[in-house]
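Novice: Quick check, what structure comes out for this input:
(4 chains)
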Protein chains: 2
Amino acid sequence: MNIKEAGARAGLPPKTIRYYEEVGLIRPLRDTNGYRVFRETDVHKLGFLGRARALGFTLEDCRVLLSLYEDKSRASADVKDIAQRHLDQISAKISALQDMQATLSHLVACCAGDDRPDCPILTGLAAPE
Amino acid sequence: MNIKEAGARAGLPPKTIRYYEEVGLIRPLRDTNGYRVFRETDVHKLGFLGRARALGFTLEDCRVLLSLYEDKSRASADVKDIAQRHLDQISAKISALQDMQATLSHLVACCAGDDRPDCPILTGLAAPE
DNA sequence: TATAGGGGTTCCTGTTACTGGAAGGTCAAT
DNA sequence: ATTGACCTTCCAGTAACAGGAACCCCTATA
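Specialist: So this is what the prediction gives:
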């Protein structure tokens, strides 16, 4: 099948698929006219990549996960390790965002939001505390 | 003062300060030798930018916030608007991350993490559900 | 058979907010 | 005079694509 159908079935835009090939994550065949030809296994890999990306893994993580997926003598510990590290990063990001949220929502709550210039948000940004 | 001291006082690396000048967020003076010269108001602005960035505002938001800060006839509603929109984005990001966290931590909890190949994480990535 | 459309291809640019590094000028102290 | 710590500009790289230009290919229809 061609790139558009492969994309539709894997839930990825053609641009992304071409990019994945460029960075060596997939290797679709080529037709005599130069068109990429996708097999079922290619679509399967694309789906794998799409789901891994949706979970926030970097493409480099995806590369390793994909190679582990195809390595039948893998140790699940290696997979778990990558996933756990990623979970840690997710937690860190959530915390950082929650800190921002707490600070900012406090400032916003204190702001009248009318046509006068006085604004605790700007005051808060102008000086700590 | 020179860029290093300005950076130390505002909590920003010199590289970042040069970048802020390049994109027009600040306009420090120049000494005859070509060195940037920072006044108190410049350091003040840099501090403002640093705190806005720490709250996750984009540089474009920072640009607008800074101009509002200097506009004594501003309406606080304009500031609040920007902040509220940013809060909404923060909430959306937190939700997305929490979804990832929920899915991934479930998979991780199901993975033995030993030297055997069987791995629910990979299985989960290979097929939805 | 000419053409229109809807594919496909490569290549280049732009995105965000910097960071690292090279090549070279400046300044204060020894 | 030299050393070392500053400073300068400019270029490349980062992540993961998206948009668009210029061009090729294939099929169906008038």
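Novice: Enumerate every residue touching the nearest residue to residue A:46 once chain neighbours are set aside.
Specialist: What sits nearest to residue A:46 in space, not counting adjacent residues and going by Cβ to Cβ, 6 or more residues apart in numbering or on different chains, is residue A:10, at 3.5 Å. The C-beta positions use only the backbone N, C-alpha and C, and glycine is treated the same way. Residue A:10 makes contact with A:17, A:43, A:46-47, A:49-50, according to Cβ atoms under 8 Å, 6 or more residues apart in numbering or on different chains.
Novice: which of the residues you listed sit farthest apart?
Specialist: Using Cβ to Cβ, the contacts of residue A:10 reach their maximum pairwise distance at A:17 and A:47, which is 11.5 Å.
Novice: And these two? Which one has more around it.
Specialist: The neighbour comparison of residue A:17 against residue A:47 (other Cβ atoms under 10 Å in any protein chain shown) goes to residue A:17, with 25 against 19.
Novice: Make sure I have this right: the more buried one is in a helix.
Specialist: Yes. When DSSP: H, G, I helix; E, B strand; the rest coil is applied, residue A:17 is found to be in a helix.
Novice: now it: how far from DNA strand C?
Specialist: Residue A:17 is 8 Å from DNA strand C, where distance means Cβ to the nearest atom of the strand, to the nearest Å.
Novice: Verify the contact between that residue and residue A:3 for me.
Specialist: Yes. Taking Cβ atoms under 8 Å as the definition, residue A:17 is a contact partner of residue A:3 at 5.8 Å.
Novice: Next, show the common contact partners of the two.
Specialist: Counting by Cβ under 8 Å, 6+ apart, the residues touching both residue A:17 and residue A:3 are residue A:36.
Novice: thinking again about what came up before, can you lay out the contacts of residue A:10 as TSV showing distance to residue A:128?
Specialist: Below are the contacts of residue A:10 laid out as TSV (distance: Cβ to Cβ, whole Å):
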residue	distance to residue A:128
A:17	47
A:43	53
A:46	48
A:47	48
A:49	43
A:50	43
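Novice: Just the closest of those to DNA strand C, please.
Specialist: residue A:17 (8.0 Å; Cβ to the nearest atom of the strand).
Novice: wait, what's in contact with the closest one?
Specialist: Counting by Cβ under 8 Å, 6+ apart, residue A:17 makes contact with A:3, A:6-7, A:10, A:26, A:36, A:46.
Novice: Report the separation between the residue lying farthest from the centre of chain A and residue A:110.
Specialist: Distance to the chain centre peaks in chain A at residue A:116, reaching 41.7 Å (criterion: Cα atoms, centre = their mean). Using Cβ to Cβ, to the nearest Å, residue A:116 is found at 14 Å from residue A:110.
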